[in-house]
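Enquirer: Based on what follows, work out the 3D shape:
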Amino acid sequence: MNRVIATLLGIIFAMTANAEEEKGIIGRVYEDGLPVIYKFVNELPQDSVRSNLSWLTVISWKYDGESNNGMPLNDENQSMIVLEDAIEDHIEKDQVLRHVYSRTGNNLKELVYYIHDQDKFLEAFNKALSGHPRYPIEINFYQDAEWEDFKRLLNDFETAANK
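Expert: Predicted coordinates:
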């Protein structure tokens, strides 16, 4: 993916995870001339956490953002927030997964997690979303025991911040 880091929008935001405060980043890059917003915690989890979560899991939602500079329209964005909240409230708190980043822009929303077991994740995912409307999403799993995808993202933003 060819991306140019343009701006770090918000340096620190607070997220509560197991009653501990974590530092995070909200940053903007450009892909094909369109803005893409990333949100992520700005550090790798401890080795003990990473070693147990070897599957990179990407939930992708393609949308038509042509009339909104590549961003989702409000109604669709609200549905995306409902999906993300359901995952966070019902799956992440059960420690089935670890959120690493989300990205929105260039006609694509991605929620990216690391998980231990695909079947357990899908079972928890379907349970958490029972009663929800069907979302136009695709879920892909990639073996990434070294967390290379997330390390690349951290490096990209660290490099931009130091310029």
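Enquirer: Work out for me the element the residue nearest in space to the middle of the chain sits within.
Expert: Central residue of the chain (Cα atoms, centre = their mean): S102, 2.4 Å from the mean position. Per DSSP states H and E: S102 is located in strand 97-105.
Enquirer: now I87
Expert: Using DSSP H and E, the element containing I87 is helix 74-90.
Enquirer: swap in N155?
Expert: Secondary structure from DSSP H and E places N155 in helix 148-161.
Enquirer: So which bits of that helix are buried?
Expert: Neighbour-count burial for helix 148-161 flags 150, 153-154, 156-157, 160 (criterion: 16 or more other Cβ atoms under 10 Å). Every C-beta, even on glycine, is put in place using the N, C-alpha and C of the backbone.
Enquirer: If I take that helix and strand 97-105, what angle do their directions form?
Expert: 50 degrees (axes from the mean of the first three to the mean of the last three Cα atoms, to 10 degrees).
Enquirer: average pLDDT for helix 148-161?
Expert: Per-residue pLDDT values over helix 148-161 give a mean of 87.
Enquirer: quick one, phi psi at R28?
Expert: With angles defined as degrees, to the nearest 10, R28 sits at phi -120, psi 140.
Enquirer: residues near it, how many?
Expert: If you count neighbours by other Cβ atoms under 10 Å, R28 ends up with 16.
Enquirer: can you check R50 too?
Expert: R50: 17 neighbours (other Cβ under 10 Å).
Enquirer: returning to what we had before: which helices and strands sit right next to the helix holding N155?
Expert: strand 4-10, strand 24-31, strand 34-41, strand 97-105, strand 108-115 (3 or more Cβ pairs under 8 Å, 6 or more residues apart in numbering; DSSP states H and E).
Enquirer: A145: which of these is closest?
Expert: strand 108-115 (9.5 Å; Cβ to Cβ).
Enquirer: in stretch 62-70, what counts as buried?
Expert: Buried-residue list, stretch 62-70, by 16+ other Cβ under 10 Å: 63, 65, 70.
Enquirer: Contact partners for the second one?
Expert: Going by Cβ atoms under 8 Å, 6 or more residues apart in numbering, G65 touches 34, 71-73, 105-107.
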